[in-house]
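*Asks:* model this:
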Amino acid sequence: MTPAAPRARTRHEPSDRRRQLLAAATATAADDGLDALTPATVGSRAGASKALVFHYFGSTAGLRRAVALEAVSDLEQTLLAPDDRPLADRPAHAMTLFLGSVTAHRRVWEDIWRGALSGDDVTEDALQRVRTALVARMTTTAGVIGFTPSGRLQLLAQGWVALVENVTAAWLGGSGITRDELERLLLQSLVVLVPELPEPARSGVLAIVRSTPTAG
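*Replies:* Numbering: from 1, shown residues only. Below you'll find the predicted structure:
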């Protein structure tokens, strides 16, 4: 009997192999959070060695950073997507996009906002880009209708983004309100920007806030 030929091993391009490992890491984080990510757990899930995971990500911290950056990048791309809706409709749509991306990576965002990667400069830079994108998206109405936001307004808008992050993090951690109610609450909080808005932007934002239904 002729012996069977040895099975050829499948070779992966480095970029493909890294994507495969990152997908396994992302799935692990979605189930158990960033703290559960180690080269050993990801290697086991992906059918790879711990050494291979170390090869592509360098360390446990590098692995966790890579997964966090996937979630942050998804949100950034979502917020930077073109929007041709009427000006008055854009803030609500932006908030829908924001919450959609965050809830799609719920466990990762919970860990990011509780400080799991605090002090990691790469992650902090990526988060700052997202915050800038959200401020820009939510103040588009004001910018398009004919004035340049002042330094005071920009500072207030950054504070509003911090409020959005904290409220959303608290909601992810457990809340009795629905996502729709959260979305309405965050839109209504735009009223904090009104004192620094000139007309007609002030009236435009007030109209958005007033047209947002409250929880019944």
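*Asks:* Name the spans of the chain whose pLDDT lies under the cut-off.
*Replies:* Applying pLDDT under 70 to the chain flags the ranges 1-12, 139-147, 200, 215-216.
*Asks:* Could you chop it up by domain?
*Replies:* Under the assignment named as automatic domain parsing, the residue ranges that make up the domains of the chain are 13-58, 74-211.
*Asks:* possible to save these as CSV with mean neighbour count and distance to Ala66?
*Replies:* C-beta: built from backbone N, CA, C; applies to glycine. Compiled in CSV, these are given as follows (neighbours: other CB atoms under 10 Å; distance: least, CB to CB, whole Å):
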stretch, mean neighbour count, distance to Ala66
domain 13-58, 17, 6
domain 74-211, 16, 10
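*Asks:* Could you list which residues are in contact with Asp120?
*Replies:* When the contact criterion is CB atoms under 8 Å, 6 or more residues apart in numbering, the partners of Asp120 are 61, 65.
*Asks:* rerun at 6 Å
*Replies:* If a contact means CB atoms under 6 Å, 6 or more residues apart in numbering, then Asp120 has Arg65 as its contacts.
*Asks:* can you check the one 10 residues further on too?
*Replies:* For Val130, the contact set (CB under 6 Å, 6+ apart) comprises 72, 75-76.
*Asks:* how about 10 Å then?
*Replies:* Listed by CB atoms under 10 Å, 6 or more residues apart in numbering, the contact partners of Val130 are 71-80, 98, 101, 161, 165.
*Asks:* Of these, which is the nearest to Ala201?
*Replies:* When those are compared for distance to Ala201 (CB to CB), Val161 comes out closest, at 18.0 Å.
*Asks:* Provide a list of residues in contact with the closest one.
*Replies:* Taking CB under 10 Å, 6+ apart as the criterion, Val161 is in contact with 98, 130-135, 138.
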